[in-house]
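Participant: Requesting a structural model of the entry that follows:
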Amino acid sequence: MSNLQKRCESRLEGLKESNNLREVSSISIENHNIIINDGKEFLNLSSNNYLGLAYRKDLIKEFNKYIKENKIDDYFSSTSSRLLTGTNVICTRLEKKIADAYGKSGALLYNSGYHANTGILSALTSKTDLIIADKFVHASIIDGTKMSKAHFLRFKHLDYNHLREILLQHRDEYNNVFIVTESIFSMDGDVADIQQLVDIKQEYDAFLYVDEAHALGTRGVSGLGVCEEQVCIENVDFIVGTFGKAIASVGAFVVCDDLYKQYLINNSRSLIYTTALPPINIAWSEFIFDKLLFFNKEREYLNEISEYVRLSLNIKGVKTKGSSNIIPIIIGSNKDCIEVCDRIKEESFFVQAIKHPTVPKGSARIRLSLNADIDKKDIDRFLSLID
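Facilitator: Take a look at the predicted model:
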């Protein structure tokens with residue numbers, strides 16, 4: 001046996017012993033239900049299909065008509081990177097629509113949120129710069145900072161006094177400082193105070209970078225996210241949004257000044273060196289983005305059931321976190337969390353156990369990700385299982 005085989009076996013065994021071994025399940029989908037490996041059907045309470053758009057037959061029917069009329073129904077591959085021959089007119093049209101919606105001069109599409117965060121942060125920063133990120137930012141942001149040459153510090157989660165302390169101590173040491181946060185945090189479901197971050201970035205002459213992955217579509221009058229909800233879009237330098245969650249598509253974007261867009265086109269490796277998304281996928285993203293304003297009913301219902309679930313659990317004495325449709329039910333140890341998760345799955349609800357080291361030790365949780373197409377009767381049935 002080679003050293004590589006031994007190392008892999010040892011690592012996998014260690015993950016298994018600590019209840020952290022990940023496995024891939026084969027699923028099929030029927031609306032908001034999923035059917036896993038053995039054929040058992042579950043109500044999916046872990047999906048990022050926040051507005052319930054992914055399987056809506058009325059939207060799919062309308063889109064099929066649209067792509068046939070526009071003769072793009074067979075555009076299943078771009079066959080090239082965007083800088084060679086892979087930037088279809090649909091792509092540039094969607095970028096303009098996004099930039100106009102946010103009132104910015106530039107918008108740039110990426111293949112995923114991961115491509116965006118790794119490609120933007122690594123391209124924009126240099127060894128004379130500093131990135132300061134919230135302690136709980138997504139792994140894609142962490143990887144982006146690691147790929148950059150910038151110095152990297154973290155401030156305590158949502159602790160803006162700590163952020164100020166870091167800036168007071170270190171701001172003068174660097175040419176540029178980038179304050180990085182998510183708007184809705186994926187593990188705790190809590191919401192950043194973007195307006196306070198705007199005040200801080202202006203006070204310390206910094207750039208503000210906000211990842212709206214979990215807020216795009218679900219927050220704001222037009223569904224543009226927390227920056228819109230808190231009325232501070234114009235003062236945020238870089239806003240990243242993903243199509244793979246509430247928009248029910250694939251890909252991501254950043255809105256920023258056109259100068260930075262042009263710089264990223266020339267320096268962002270995750271954009272330059274990958275085949276562009278198929279035009280038909282970009283067309284679907286555009287189709288849904290055009291309708292974003294009209295999904296207020298879905299946003300209102302999502303907020304209603306999220307508050308209902310959180311309040312119902314808290315009345316039972318169950319510890320939760322956050323103030324969004326992402327609701328973590330705090331269990332404690334990895335072992336206990338897996339046991340609770342398995343018990344819930346036995347009742348045909350698909351939930352996921354989020355364990356240490358993904359979250360701090362002793363805070364393993366069942367992470368609910370509520371969607372606007374879940375019936376309240378099913379919610380009540382789920383709540384009856386939690387005590």
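
Participant: Please make it C-alpha for all contacts and neighbour counts, starting now.
Facilitator: Will do.

Participant: Please enumerate the helices of the stretch 151-300 of the chain.
Facilitator: 160-170, 194-203, 226-229, 258-267, 269-272, 279-290, 296-315 (DSSP state H, counting those that start in this stretch).

Participant: Out of these, which one sits most buried?
Facilitator: Comparing the helices of the stretch 151-300 of the chain by mean neighbour count (mean count of other C-alpha atoms under 10 Å), helix 226-229 comes out on top with a mean of 22.

Participant: Mean pLDDT and distance to Lys377 added to the helices of the stretch 151-300 of the chain, as TSV?
Facilitator: Shown next, in TSV, are those (pLDDT from 0 to 100; distance: least, C-alpha to C-alpha, whole Å):
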stretch	mean pLDDT	distance to Lys377
helix 160-170	98	40
helix 194-203	98	35
helix 226-229	98	29
helix 258-267	98	47
helix 269-272	97	44
helix 279-290	96	28
helix 296-315	97	11
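
Participant: what's the helix or strand bottoming out on mean pLDDT in the chain in contact with?
Facilitator: Across the helices and strands of the chain, mean pLDDT, DSSP states H and E gives its lowest value to strand 27-30, namely a mean of 72. Identification of contacts with strand 27-30 by C-alpha atoms under 8 Å, 6 or more residues apart in numbering yields 34-37.

Participant: Now compare the residues you listed and name the two farthest from each other.
Facilitator: Pairwise distances across these (C-alpha to C-alpha) peak at 10.0 Å, for the pair Ile34 and Asn37.

Participant: which one of those two has more residues nearby?
Facilitator: Ile34 (21 against 10; other C-alpha atoms under 10 Å).

Participant: secondary structure class for the more buried one?
Facilitator: Classification of Ile34 by DSSP: H, G, I helix; E, B strand; the rest coil places it in strand.

Participant: That one and Pro328, how far apart?
Facilitator: 21 Å (C-alpha to C-alpha, to the nearest Å).

Participant: Go through the contacts of strand 27-30 and name the one nearest Asn161.
Facilitator: Ile34 (43.7 Å).

Participant: Before we go further, Leu43 is sitting in a strand, right?
Facilitator: Yes: under three-state DSSP, Leu43 sits within a strand.

Participant: dump the residue contacts of it.
Facilitator: 32-34, 348-350.

Participant: If you count neighbours, what's buried in stretch 13-28?
Facilitator: Buried residues in stretch 13-28, counted by 16 or more other C-alpha atoms under 10 Å: 19-20.

Participant: That stretch: how far from the chain's middle?
Facilitator: In terms of C-alpha atoms, centre = their mean, to the nearest Å, the centre of stretch 13-28 is set 22 Å apart from its chain centre.

Participant: swap in stretch 188-207?
Facilitator: Distance of stretch 188-207 from its chain centroid, counting by C-alpha atoms, centre = their mean, is 18 Å.

Participant: just stretch 279-290 next, same as before
Facilitator: A distance of 18 Å separates the centroid of the chain from that of stretch 279-290, by C-alpha atoms, centre = their mean.

Participant: ditto for stretch 186-194
Facilitator: For stretch 186-194, the separation from the chain centroid amounts to 11 Å (computed by C-alpha atoms, centre = their mean).

Participant: got it, and stretch 6-15?
Facilitator: 30 Å.

Participant: Could you list the residues in contact with it?
Facilitator: Stretch 6-15 is contacted from outside by Leu21, using C-alpha under 8 Å, 6+ apart.

Participant: mean confidence for that stretch?
Facilitator: For stretch 6-15, mean pLDDT is 92.

Participant: and if you look at stretch 316-336?
Facilitator: On average, the pLDDT along stretch 316-336 is 94.

Participant: Span of that stretch from start to end?
Facilitator: 19 Å.

Participant: Could you tell me the model confidence score at the nearest residue to Lys316 once chain neighbours are set aside?
Facilitator: Spatial nearest neighbour of Lys316, chain neighbours left out: Asp387 (6.5 Å); criterion: C-alpha to C-alpha, 6 or more residues apart in numbering. Looking at Asp387, its pLDDT reads 80.
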